[in-house]
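Visitor: Pasted the sequence and its predicted model underneath.
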Amino acid sequence: MNILVTGANGQLGNEIQIVSKQSTNHYIFTDVCDGYTHLDITDIEAIRAMVKANDIKCIINCAAWTNVDKAETAGDIVETLNATAPENLARAMKEVDGLLIHISTDYVFGGDPYNTPCREDQKGTPTGVYGLAKLHGEQKIAATGVEHIIIRTAWLYSEFGHNFVKTMLNLTATKPQLKVVFDQCGTPTYAKDLANVIFDIIENGKYKGNTGIYHFSNEGVCSWYDFTKKIAEIAGNTQCDIEPCHSDEFPSPVKRPSYSVLDKTKIKETFGIKIPYWTDSLKECMKGLL
């Protein structure tokens, strides 16, 4: 099977590049930056041409607008990249009876006060432009009738690109004191773990008959403060005084979900997977970073 990966230069795309080396399937990695096959996913005809030329039967969409704050003032591009472009990919796969695997986000929630993990069938209540556009993307994919697996994830990090772990690794090594919010809780997700799950679903044909939305993050719950404390502890950055603070001490153009823990029962039961605990995955990632 020929598999197309969009947004290949991002955190997840890079991890899929690594894991795909074990496959007998043929993976084609695309992005809009140098070093990759160029594909503009906002152009439906460009996607169709790519699918036809390479006999693509599966697309893994890792491409998205991900800057949550800038989304508030960026204009139409956020909806174009996060809703229209996934719809384009879905239509292209529907036309060849293919599969679309699409990555979504915990930011589709947040408008209601939650204190239990969010389920897949829960109503989306996004609080900002980014979350709303991602929710629209999910809805547009489903409306095409394509065979699809939508995976909502949260707090993604890896050895690649810009992410919270790398930022805090640097700050806790160089700053005498740091304030980090403790009133936003979720679960960090190691992009390598997510890549392995996607690989398993495709390579072992587990997607067949299992169209729908799934949640994936690592196991456990923490605040950004707890996350930072663990990063510093693993790195040995003990000289930095890390203090908890409230979200309103760091004004943001968008209200972030205060509790966006994802219920992963469905993905574990449907695909028979075991998910690592967040601190175990963090240690594994930081081995590479350190």
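Guide: In hand now; what should we look at?

Visitor: Go through the protein and flag its longest helix.
Guide: In the chain, with assignment by DSSP state H, the single longest helix is helix 129-144.

Visitor: So for that one, what gets flagged as buried?
Guide: 129-138, 140-142, 144 (16 or more other CB atoms under 10 Å). Backbone N, C-alpha and C define where each C-beta goes, glycine included.

Visitor: how about those in JSON lines, adding pLDDT and distance to G98?
Guide: As requested, those are exported to JSON lines (pLDDT from 0 to 100; distance: CB to CB, whole Å):
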{"residue": "V129", "pLDDT": "97", "distance to G98": "30"}
{"residue": "Y130", "pLDDT": "97", "distance to G98": "27"}
{"residue": "G131", "pLDDT": "97", "distance to G98": "27"}
{"residue": "L132", "pLDDT": "97", "distance to G98": "27"}
{"residue": "A133", "pLDDT": "98", "distance to G98": "24"}
{"residue": "K134", "pLDDT": "98", "distance to G98": "22"}
{"residue": "L135", "pLDDT": "98", "distance to G98": "23"}
{"residue": "H136", "pLDDT": "98", "distance to G98": "22"}
{"residue": "G137", "pLDDT": "98", "distance to G98": "18"}
{"residue": "E138", "pLDDT": "98", "distance to G98": "18"}
{"residue": "K140", "pLDDT": "98", "distance to G98": "17"}
{"residue": "I141", "pLDDT": "98", "distance to G98": "13"}
{"residue": "A142", "pLDDT": "98", "distance to G98": "16"}
{"residue": "T144", "pLDDT": "98", "distance to G98": "11"}
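
Visitor: quick one on the thing from earlier: export the longest helix of the chain as PDB, just CAs?
Guide: Only the C-alpha atoms of helix 129-144 are listed here, as PDB (Å, rounded to 0.1, in the frame of the first residue of the first chain):
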ATOM      1  CA  VAL A 129     -10.400  29.900  16.800                       C
ATOM      2  CA  TYR A 130      -7.900  27.100  16.700                       C
ATOM      3  CA  GLY A 131     -10.200  24.600  18.600                       C
ATOM      4  CA  LEU A 132     -13.200  25.600  16.600                       C
ATOM      5  CA  ALA A 133     -11.400  25.200  13.200                       C
ATOM      6  CA  LYS A 134     -10.200  21.700  14.300                       C
ATOM      7  CA  LEU A 135     -13.700  20.700  15.300                       C
ATOM      8  CA  HIS A 136     -14.900  21.900  11.900                       C
ATOM      9  CA  GLY A 137     -12.200  19.700  10.300                       C
ATOM     10  CA  GLU A 138     -13.500  16.700  12.100                       C
ATOM     11  CA  GLN A 139     -17.100  17.400  11.000                       C
ATOM     12  CA  LYS A 140     -16.100  18.000   7.400                       C
ATOM     13  CA  ILE A 141     -14.200  14.700   7.200                       C
ATOM     14  CA  ALA A 142     -17.100  12.700   8.600                       C
ATOM     15  CA  ALA A 143     -19.500  14.400   6.200                       C
ATOM     16  CA  THR A 144     -17.600  13.100   3.100                       C
END
